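Undergrad: Here is my input, please return the structure:
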Amino acid sequence: MVSLANLTNYRIDEDFLKNTVNKAETVLGGKSLGEISLVFVNENKIKEINRHYRRKNEATDVLSFEGLNEIFICPAAVKKQAKKIKNPFRKHLKPLPS
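TA: Numbers count the residues shown, from 1 in each chain. Sure, this is the predicted structure:
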């Protein structure tokens, strides 16, 4: 099960993300990932989380922590990173084979 919390102004395509999680489970041989919480945050919030838990005072695109099924995603940072490496936003957000 995927739960989403969007704390940004970005429009989030819930179906796209749920399909991505389902695809990850397929890649893992059908093993369920259990409940996954995707939290979309702005650059200031992900920078704060990164500084607190990783001692890195910078925004990043995605943060996840071992043992937790909560993934923090910063759409603004994903967009910047995707543009930097000339990768479409959706493809960059979905690192699994198409």
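Undergrad: C-alpha from now on. contacts and neighbour counts both.
TA: Will do.
Undergrad: quick one: the closest residue to residue 6 other than its chain neighbours from residue 17, how far?
TA: Excluding the flanking residues, the one nearest residue 6 by C-alpha to C-alpha, 6 or more residues apart in numbering is residue 40, at 4.7 Å. To residue 17, residue 40 is 12 Å away according to C-alpha to C-alpha, to the nearest Å.
Undergrad: What of residue 78?
TA: Taking C-alpha to C-alpha, one finds residue 78 at 14 Å from residue 17.
Undergrad: who's the residue nearest the centre of the chain bridged to?
TA: In the chain, the centroid-proximal residue (C-alpha atoms, centre = their mean) is residue 73; its distance is 3.8 Å. Beta-bridge partners for residue 73, by DSSP bridges, are residue 40, residue 62.
Undergrad: and the residue nearest to residue 2 when sequence neighbours are not counted, how many neighbours?
TA: Take residue 2 and drop its neighbours on the chain: the residue closest to it by C-alpha to C-alpha, 6+ apart is residue 36, 4.9 Å away. Neighbours of residue 36 under the rule other C-alpha atoms under 10 Å: 16.
Undergrad: Hmm, residue 36 is touching residue 72, no?
TA: No: judged on C-alpha atoms under 8 Å, residue 36 makes no contact with residue 72 at a distance of 10.9 Å.
Undergrad: Is the residue lying farthest from the centre of the chain in a helix, a strand, or coil?
TA: Outermost residue of the chain with respect to the C-alpha centroid, by C-alpha atoms, centre = their mean, is residue 29; its distance is 21.5 Å. Classification of residue 29 using DSSP: H, G, I helix; E, B strand; the rest coil returns coil.
Undergrad: quick one, strands of this protein?
TA: 2-6, 36-40, 62-64, 70-73 (DSSP state E).
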